[in-house]
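[1] With the input below, show me the fold.
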Amino acid sequence: MKKVAFYTLGCKLNYSETSTISRMFEQKGYRKVEFNEQPDIFIINTCSVTDNADKKCRKIVREAQQINPAGYVAIVGCYAQLKPREIAEIPGVDVVLGAAEKFRLVELLDTFEKDPVASKARVLASPIEEAIDYHTSYSLNDRTRTFLKVQDGCDYPCAYCTIPLARGKSRSDSVENVVKAALEIAQQGVKEIVLTGVNIGDFGIRDGQRQEYFLDLVKALDEVDGIARFRISSIEPNLLTDEVIEFVAQSKRFVPHFHIPLQSGSDKMLGLMRRRYRSALYIDRIKKIKALMPHCCIGVDVIVGHPGETQDDFLETYRFLNDLDISYLHVFTYSERPNTSALTIRPVVPVRERAERSKMLHILSEKKKRFFYEQQVGRPATVLFEEDIQGGMMQGFTENYVRVTARYDPLLINETKKVVLTGLNESGLMEVDEAETQILTHS
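    Below is the predicted model:
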């Protein structure tokens, strides 16, 4: 029985796909092991969002060679689709598979035997136009939370992004199949499902035609028994409709938490980035959410240092974010990506200025998060406790994504419990009423 190990770089979508590919191996009789347990096969799932994808990939390959010099190394993922020939030159790599091939890995490679005479890796990467099939994927690494892929690819030509080149056109599963997957996940004892994809608000396209809508999916999943919570991951502001917000506000299972990419608070920059909305629509989305769900958690993606961004443009974004009723930021420092239209935009922001702007927004994010947490003190909440135990303390998340810490109790793991939020500790985590927790646990 050959042993196989997996390493995933990048987003939640990658993790869901790695988990699905690993189950394919196990169904074929392979034994899944940890990366350091002398596997016969190493599968590395790559990312291309930042400019150090090459560095990370090379480092993981070197580590694999040190663990088992005779191990077979396969590279999949976004970086593998974008630069297969470049990856094939990395010493130690045996095969590179593109977006259309990665889910056929077991079928295409079969024996996973190293070629003793090959000077470089095999490349099995079709043009991205051939990545048209949809593959249902979900993670099962964490019993309390599963990432369920509901959509893949993207039709948006954002100036800075390579994802359409790495994953192809927007395509989705059917509502029926997603519900079926959710029921399978529920049978594994999972309590929370996070819906993920490249552009999940665009859900419903199959065979190049729109057949369903994201709202259809949300309504159907809300009726799935056995799952306590559904959480929506990143969703574009122009696709987060009033109807979706209103449904989540009265939903049985969808939690009050949205992550909404902004990228810039400057309309000039949104135009240069080729985004499909302007700042006024973003403000409208936030106001709509907060009017219906005052304690809703709202996360924001923002890019600093994009070509064309002046200091005044950045300060406009800073003030825009400072005035918004949001909970935290994910700050991305712009990095040049081949074959993107952003490369033609001038002026280019010096790397040092990009770093300074990023630092300012990271500080703002911490302030926003702390203020949001402080607003929750004294409120009742429901926490899903995870098997994340440190120093006799366990952690979990409330429905509105506040990270909570409490004394470890094995009966609480993978359970949703009502608690009272009492205050922040020195690490910025929310504490709960210990007496209340114990009564709820043991009553």
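
[2] Dihedrals phi and psi, Y72?
    Main-chain dihedrals, Y72, degrees, to the nearest 10: phi -90, psi 130.

[3] can you pull the pLDDT of it?
    Each residue has a pLDDT score; the one for Y72 is 96.

[4] Mind listing what's buried along whatever helix or strand V331 lives in?
    V331 belongs to strand 328-333 when assigned by DSSP states H and E. Under the neighbour-count criterion of 16 or more other CB atoms under 10 Å, strand 328-333 has 328-329, 331-333 buried. Just so you know, the C-beta spots here come from the backbone N, C-alpha and C atoms, and that holds for glycine as well.

[5] now swap in stretch 173-189 and tell me
    Going by neighbour count (16+ other CB under 10 Å), the buried part of stretch 173-189 is 173-175, 178-179, 181-182, 185-186.

[6] Check what contacts it and list those residues.
    Stretch 173-189 is contacted by residues 134, 136, 138, 140, 143, 146, 148-151, 193, 206, 211-212, 216-217, 220-221, 224-227, 414 when judged by CB atoms under 8 Å, 6 or more residues apart in numbering.

[7] Now, these that are in helices?
    Those of the contacts of stretch 173-189 mapping onto helices are 216-217, 220-221, per DSSP state H.

[8] ok, of these, which come out buried?
    Buried subset of these (neighbour count, 16+ other CB under 10 Å): 217, 221.

[9] Please enumerate the helices of this structure.
    All helices of the chain, identified by DSSP H, fall at 12-27, 53-67, 78-82, 84-88, 105-109, 163-167, 175-186, 214-221, 242-249, 267-272, 279-292, 311-323, 351-376, 434-442.

[10] helices or strands next to the lengthiest strand in the chain in the packing?
    If you go by DSSP state E, the chain has its longest strand at strand 380-390. Strand 380-390 is packed against strand 393-398, strand 403-407, strand 416-424, with contacts defined by 3 or more CB pairs under 8 Å, 6 or more residues apart in numbering; DSSP states H and E.

[11] any chance of the ones you listed in JSON lines, with mean pLDDT too?
    Output for those, formatted as JSON lines (pLDDT from 0 to 100):
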{"stretch": "strand 393-398", "mean pLDDT": "94"}
{"stretch": "strand 403-407", "mean pLDDT": "95"}
{"stretch": "strand 416-424", "mean pLDDT": "95"}
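
[12] which stretch among these comes nearest R253?
    strand 416-424 (11.2 Å; CB to CB).

[13] and the closest one, how far out from the chain's middle?
    Offset of strand 416-424 from its chain centre (CA atoms, centre = their mean, to the nearest Å): 26 Å.

[14] With just CA atoms, put that strand into PDB.
    C-alpha atoms of strand 416-424 as PDB (Å, rounded to 0.1, in the frame of the first residue of the first chain):
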ATOM      1  CA  THR A 416     -22.900  24.700  19.800                       C
ATOM      2  CA  LYS A 417     -23.500  26.300  23.200                       C
ATOM      3  CA  LYS A 418     -25.200  29.500  24.300                       C
ATOM      4  CA  VAL A 419     -23.000  31.700  26.300                       C
ATOM      5  CA  VAL A 420     -22.700  35.300  27.600                       C
ATOM      6  CA  LEU A 421     -19.700  37.200  26.200                       C
ATOM      7  CA  THR A 422     -18.000  38.900  29.100                       C
ATOM      8  CA  GLY A 423     -14.900  40.700  27.800                       C
ATOM      9  CA  LEU A 424     -11.600  40.600  25.900                       C
END
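
[15] mind starting the numbering at 26 from now?
    Happy to do that; since the first residue is 26 now, the last one works out to strand 441-449.

[16] What residues sit buried inside it?
    Those would be 441-442, 444, 446, 449, for strand 441-449 by 16+ other CB under 10 Å.

[17] Then stretch 401-415?
    Buried residues in stretch 401-415, defined by neighbour count with 16+ other CB under 10 Å: 401, 406-411.

[18] residues touching N425, list them.
    So N425 contacts 280-282, 320-322, 401, 406 (CB under 8 Å, 6+ apart).

[19] Need the max-distance pair from the buried residues of stretch 198-214.
    Farthest-apart pair in those is S199 and A211; separation 18.4 Å (CB to CB).

[20] what's the pLDDT at R168?
    Confidence at R168, expressed as pLDDT, is 62.

[21] any weak-confidence spans in the chain?
    For the chain, the stretches flagged by pLDDT under 70 are 75-76, 167-168, 459-468.

[22] could you redo the last one with a cut-off of 90?
    26, 35-36, 73-81, 134-136, 138-145, 165-170, 363, 411-416, 458-468 (pLDDT under 90).

[23] got the phi/psi numbers for the residue of it positioned farthest from its centre?
    In the chain, the residue that sits farthest from the middle, by CA atoms, centre = their mean, is V142; the gap is 39.3 Å. When read as degrees, to the nearest 10, the backbone of V142 gives phi -110, psi -10.
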